[in-house]
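Colleague: Model the structure of this input:
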Amino acid sequence: MSPVALSTCWNSYRHQDGCDMLKEIRQLGFSAVELGHGIRLSLWPGIVKAWEQDLIKINSLHNFCPVPTSVFHPNPNCYEFSDPRPEVRGLARRATEETLRQAAKFGARAVVLHLGWAGPRKITRKLEALYLRGAYLNRRYTDLKVHAVQERREAAALVWPRVKECLDPIVALAGELKLKLGFEIREDFEEFPHEEEMPLVLDAFPADIVGYWHDFGHAARKEFLGWHSHAETLRLRAPRLLGCHIHDCRRPQEDHLPLGHGEIDFSALLPALPQTAIAVLELSPGTPEEQVIASRHLWNSYAAASG
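Modeller: Numbering: from 1, shown residues only. The predicted structure is shown next:
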């Protein structure tokens, strides 16, 4: 497995110069980064400078990157492929194509995508609130889940054609640019696709261009709420797994923690990861430097032990 990279979501918010941002990451011992979805346009000249100086390798970009000029605050879901409004889907497609072009210039391997929403909205927050009140799997909890699944089946049938229409030209462009696209597992049931829908989405596109992007924290959050088995999802998606976001998680929803500060059993899960997977630490902004470094060491030790 290639050396673990660090996502700029850790430090982009507190830098005005992109070169300084990447220098800070390099000084912590990372040889590669993922440019996160919080990269403001003002950081771009410094990023280009650092890349031209061969300061650090850029393995991946997280859509949208840089933040579209029409968006005032970084948000990976500011435009959605699932939006019922054609003009918004058009904005999502064009902003994604710009991310792909920038990724190709940096020689990045992949772009990570969120694909949208299918509802029912706010169901995850409701279930988490019940969980925290000690009501996990009580009658109210299970009724909410059953109704959510029923609503979702109807909504997904409407959402998927919109999403695919957006993705078709994006996948074609990725192929032209020799890039791979990673469709990320999301933390909320209402986001698209959830685990049962992911095979349909992946199988609609060439395996040499489109793959699955595993997020350990997101998968843990869904497991805590009873939506799936983390280990089983990872096993099933392994043949198409392109990369992963790495962070720890405490139930039911406290994620993007340093490794060893949550409940994820990485040593049990890592054997399912392909050796070709792109590995990216995606830690919460403000995580102390010593915990970032410790997370890198822990991941390396897990990876070495898994073979």
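
Colleague: so where is the chain shaky, pLDDT-wise?
Modeller: Within the chain, the ranges that satisfy pLDDT under 70 run 307.

Colleague: Please name the residues that touch the residue nearest the centre of it.
Modeller: The residue lying closest to the centre of the chain (CA atoms, centre = their mean) is E184, at 4.8 Å. For E184, the contacting residues are V112, L113, H114, W213, D215, H218, H245, by CB atoms under 8 Å, 6 or more residues apart in numbering. In this view, the C-beta of every residue, glycine as well, is placed from N, C-alpha and C.

Colleague: same thing with L115?
Modeller: With CB under 8 Å, 6+ apart, L115 has these contacts: F81, S82, V163, L167, F183, E191, F192, P193, V201.

Colleague: cutoff 7 Å now
Modeller: F81, S82, V163, F183, F192, P193 (CB atoms under 7 Å, 6 or more residues apart in numbering).

Colleague: can you pull the contacts of the first one?
Modeller: So the one you mean is F81. Neighbours of F81 in contact, by CB under 7 Å, 6+ apart: R89, A92, L115, G116, R162, V163, C166, L167.

Colleague: Which of the three states applies to it?
Modeller: Secondary structure, DSSP: H, G, I helix; E, B strand; the rest coil: F81 is coil.

Colleague: how near is it to H15?
Modeller: Counting by CB to CB, to the nearest Å, the gap from F81 to H15 is 30 Å.

Colleague: And the second one, by the same measure?
Modeller: If you measure S82 against H15 using CB to CB, the figure is 32 Å.

Colleague: between these two, which one's more packed in?
Modeller: Between S82 and H15, counting by other CB atoms under 10 Å, S82 is the more crowded of the two (24 against 18).

Colleague: quick one: buried residues of the helix ranked longest in the chain?
Modeller: Looking across the chain with DSSP state H, the single longest helix is helix 139-177. Going by neighbour count (16 or more other CB atoms under 10 Å), the buried part of helix 139-177 is 141, 145, 148, 152, 155-156, 159-160, 162-164, 166-167, 170-171, 173-175, 177.

Colleague: What is it packed up against?
Modeller: Under the contact criterion of 3 or more CB pairs under 7 Å, 6 or more residues apart in numbering; DSSP states H and E, helix 139-177 touches helix 86-106, helix 123-132, strand 180-184.

Colleague: Swap in 6 Å and give it another go.
Modeller: Other elements packing on helix 139-177 under the criterion 3 or more CB pairs under 6 Å, 6 or more residues apart in numbering; DSSP states H and E are helix 86-106, helix 123-132.

Colleague: packing partners for the last one?
Modeller: Contacts defined by 3+ CB pairs under 6 Å, 6+ apart place helix 123-132 against helix 139-177.

Colleague: And the closest residue to E165 other than its chain neighbours, how close does it get to K164?
Modeller: Excluding the flanking residues, the one nearest E165 by CB to CB, 6 or more residues apart in numbering is R89, at 7.6 Å. According to CB to CB, R89 stands 11 Å off from K164.

Colleague: likewise P288?
Modeller: On the measure of CB to CB, P288 and K164 end up 43 Å apart.

Colleague: where do the helices sit along this protein?
Modeller: Under DSSP H, the chain gives helices at 18-27, 44-52, 86-106, 123-132, 139-177, 198-203, 216-224, 230-237, 266-269, 289-306.

Colleague: Export the ones you listed as a markdown table, with columns for distance to L257.
Modeller: What follows is those, written out as a markdown table (distance: least, CB to CB, whole Å):
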| stretch | distance to L257 |
| --- | --- |
| helix 18-27 | 19 |
| helix 44-52 | 27 |
| helix 86-106 | 27 |
| helix 123-132 | 16 |
| helix 139-177 | 25 |
| helix 198-203 | 25 |
| helix 216-224 | 8 |
| helix 230-237 | 16 |
| helix 266-269 | 12 |
| helix 289-306 | 9 |
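
Colleague: and E128, how many residues sit next to it?
Modeller: 18.

Colleague: That one contacts P252, correct?
Modeller: Yes - with contacts counted by CB atoms under 6 Å, E128 reaches P252, the gap being 5.0 Å.

Colleague: and the gap between the closest residue to C78 other than its chain neighbours and L41?
Modeller: The shortest distance from C78 to any non-neighbouring residue, by CB to CB, 6+ apart, is to V71 (4.7 Å). Distance, V71 to L41, by CB to CB: 10 Å.

Colleague: next one: K180
Modeller: In terms of CB to CB, K180 sits 25 Å off from L41.

Colleague: Neighbour count: those two, which is higher?
Modeller: K180 (23 against 11).

Colleague: so what's the closest residue to the more buried one other than its chain neighbours up against?
Modeller: Leaving aside its sequence neighbours, K180 sits nearest to A110 (CB to CB, 6+ apart; 4.5 Å). Residues near A110 by CB atoms under 6 Å, 6 or more residues apart in numbering: S60, K180, G182, L242, G243, I278.
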